[in-house]
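Visitor: Got a predicted structure plus its sequence, pasted below:
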Protein chains: 2
Amino acid sequence: MSSVNAWNVPNMIEPKRVTLHDVAKHVGVSKSTVSLVLQNSSSVSDTTRERVLRGIDETGYVYNRKAAALRQTTSNDLIGVMVNGLNTPYSGEILNHCEKVALQRGIVPMFSSNADQFAQQENLVQIYMEYKVGGIILCPAPQTSASWLDKIWRSGFPLVQIMREVPFSQFPAIVADNRAGTYAATLHLIQLGHQKIAFLGGREDISDYHERLAGFMDAMNEAGLRVPTPYIQPIAQSRQAGRQALKAVLDYDSGISAVVCFSDVMAYGVLSESRELGIKVGSDLAVVGFDDLADSRLTYPALTTVQVEASAFASQAIDLLQFYMKNPQAKPERLIVPVSLMVRESCGAPKTL
Amino acid sequence: MSSVNAWNVPNMIEPKRVTLHDVAKHVGVSKSTVSLVLQNSSSVSDTTRERVLRGIDETGYVYNRKAAALRQTTSNDLIGVMVNGLNTPYSGEILNHCEKVALQRGIVPMFSSNADQFAQQENLVQIYMEYKVGGIILCPAPQTSASWLDKIWRSGFPLVQIMREVPFSQFPAIVADNRAGTYAATLHLIQLGHQKIAFLGGREDISDYHERLAGFMDAMNEAGLRVPTPYIQPIAQSRQAGRQALKAVLDYDSGISAVVCFSDVMAYGVLSESRELGIKVGSDLAVVGFDDLADSRLTYPALTTVQVEASAFASQAIDLLQFYMKNPQAKPERLIVPVSLMVRESCGAPKTL
DNA sequence: TTAAATAGCTGGAACGTTCCAACTATTTTG
DNA sequence: CAAAATAGTTGGAACGTTCCAGCTATTTAA
């Protein structure tokens, strides 16, 4: 083994930190000049820039963002991004795209999750503030109030909501076209001849649930189809919940021939449960999801679902946040991410045609 | 709507930042005292602590971590955690548990992903250093070298590897008992009477692949079973890859009756493809995975798999990192996370018995 | 030819903490 | 009762940057 091992090398006691000043001395300029080089200032000649850059390399200098941020009046290279779960598939997509976009723009995202708990959200937003982030992207936990959001803004931290929004608040938000999505999905099922259609999953204390349910109801009402209360099963959203919800709803009415799921993950649960119950998805039961996770085209049968591009959330959220970081007084925008129904096999062949 | 809206409130121009000094003046003590209160120092009387705390509340003071960190010699309340993907299920579990553990200990994790690319890893670790993290937890990207790890250590940043480790390096690492895991899984299949068993998925440039493959080969060799080269399909790991790999391997030998998958995600792909091909998993084909994601007990059939507790990775990684932050010269530990075979339905009923 | 403008660089003050040595009461010890 | 120890508090010097106003040559304008 050619490499030197850590325990053979007791000199990691950091001989001394190399600072801007050290680089300056080494190169023979002032620290101000070195600082200007780091900031890509145009008022430094190419030759000195060259020399300083080399000096930085030779001394092994590493920039100290903490010191920099202390002096700077506004910090626009650090933002907080809080989702509702670090291990939920759709959030994962968001995080992934946020990181990509942020890195492209030279801004560093501090990721965290509120785990759908307001207390944790409060705690972590406090930490964001202590780190003096330039702004916050937030998927608000249940029980987040408009006045709380207001408090954050007034403390000087621009904030944009994603995926969900606090009811009756008017703060910047980027949400999917939830209502249109479930409407399209439900309409599609109705056109296939289904009449007894259930709506499975979601939490009643979160805005997107109501929007998606509304889209479903729109289509059902327009078609004059009845929706008995037990057809609606708002029992959170997880694979497990999907399995339970399907069982519950079929228990109530075994004639149900189609289900609209709050999310793809719910739908995966429905797929599993169907298989267990010996129900053939596609022919016996039509299933549609919401989100269009990468996996959804790889299930069998492939899942019909409403696509919401996670990358759109990510890039628009960062765009919008940066906008508010520059213009904190600007009018709050509410952006709608378009959706599109991806028809695959899980909704089956036409029944009436 | 009772709340005041942001755009009605043009006074968000931050009247002025409240500092330690302001709090001190407000309470009538020195800034040093306020600082001591913030650090929970025992050398401040209960009555003044009380007063200061109230003062902090009244002035709306928010702690400035950047300023604090600038003065502190060592920062042990901020660490970097880099996984190989923000949107891969197992990494999601790790992130989730890391956040939980970190928050309990009052340390803030900066999450990021190297996307399995060394260049991105280098870039982000540089940023970690610029933020003066106290240490780094890293799932190393392919092509990470021992000398690179050494460089990080020597710059004063303790680092522990998780899930994988750089070959021929001897730096702290926490890895699953990969070899024992696939050995147990393969042995189980052999005992069920299977003889033609394939190994699907994984990347040859990452350590865990070789360990898992070795465990598989151990069991096969011990049983005297042949493993033609095409039985081994190292084509990354994803649901898509799982589908492809199964097709490829059955194409080569349709007599294969069992597959050991590099990961659960691979196995999900195998499950989907089997269904598409009309192969009954459990009776026609035995499938085992690796990881035991939460979903794996909810698939149909439920997936037999090797369980590796993500929470163990998370808490042990943070433990170990904190240890090295305190004792940078300590001998590097290599911790093995135990695994256990979870027998469910996807490996089917005994064949020979 | 002189005044004004500019390009390039500079030293010092500031940012908001923590650390340190020192200071004052108060309590304990011999 | 004096000396020593202790509990509680304090001001000032760091930490490593950025910002600002100013400085010196050089170039441009009049």
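Guide: Cool, got the structure.

Visitor: how big is the angle separating the helix or strand hosting A:Asn96 from helix B:89-104?
Guide: Secondary-structure assignment from DSSP states H and E places A:Asn96 in helix A:89-104. Helix A:89-104 runs at 80 degrees relative to helix B:89-104, counting by axes from the mean of the first three to the mean of the last three Cα atoms, to 10 degrees.

Visitor: what comes up buried for helix A:89-104?
Guide: For helix A:89-104, the buried set under the neighbour-count rule, 16 or more other Cβ atoms under 10 Å in any protein chain shown, comprises A:89-103. C-betas here are computed from N, CA, C, even on glycine.

Visitor: Of these, just say which sits nearest to B:Asp264.
Guide: Top of the list for closeness to B:Asp264, among those and by Cβ to Cβ, is A:Pro89 at 13.6 Å.

Visitor: nearest to B:Asp284, of the buried residues of helix A:89-104?
Guide: Among the buried residues of helix A:89-104, A:Pro89 lies closest to B:Asp284 (Cβ to Cβ), at 29.2 Å.

Visitor: and the closest one, how far is that from A:Leu293?
Guide: Separation of A:Pro89 from A:Leu293 (Cβ to Cβ, to the nearest Å): 5 Å.

Visitor: intersection of neighbour lists for these two?
Guide: Taking Cβ atoms under 8 Å, 6 or more residues apart in numbering or on different chains as the contact rule, A:Pro89 and A:Leu293 both touch A:Asp264, A:Val265.

Visitor: In PDB, list the C-alpha atoms belonging to the helix or strand of chain A with the lowest mean pLDDT.
Guide: Least confident helix or strand, chain A: helix A:65-71 with a mean of 93, by mean pLDDT, DSSP states H and E. C-alpha atoms of helix A:65-71 as PDB (Å, rounded to 0.1, in the frame of the first residue of the first chain):
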ATOM      1  CA  ARG A  65     -17.000  31.100   4.500                       C
ATOM      2  CA  LYS A  66     -17.900  31.700   8.100                       C
ATOM      3  CA  ALA A  67     -15.500  34.700   8.300                       C
ATOM      4  CA  ALA A  68     -16.700  36.000   5.000                       C
ATOM      5  CA  ALA A  69     -20.400  35.700   5.900                       C
ATOM      6  CA  LEU A  70     -19.800  37.500   9.200                       C
ATOM      7  CA  ARG A  71     -18.700  40.600   7.300                       C
END
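
Visitor: got the angle between the following helix or strand past that helix and helix A:89-104?
Guide: Scanning forward in sequence from helix A:65-71 by DSSP H and E, the next helix or strand is strand A:78-83. Per the same axes, to 10 degrees, the angle that strand A:78-83 makes with helix A:89-104 is 170 degrees.

Visitor: State the mean pLDDT of strand A:78-83.
Guide: Average pLDDT, strand A:78-83: 98.

Visitor: repeat for stretch A:339-353
Guide: 78.

Visitor: Ok, stretch A:202-211 next?
Guide: For stretch A:202-211, mean pLDDT rounds to 96.

Visitor: Let me know the pLDDT of A:Gly242.
Guide: If you check A:Gly242, the pLDDT there is 97.

Visitor: Find the nearest non-adjacent residue to it, please.
Guide: For A:Gly242, ignoring the flanking residues on the chain, the nearest one in space by Cβ to Cβ, 6 or more residues apart in numbering or on different chains is A:Gly269 at 2.0 Å.
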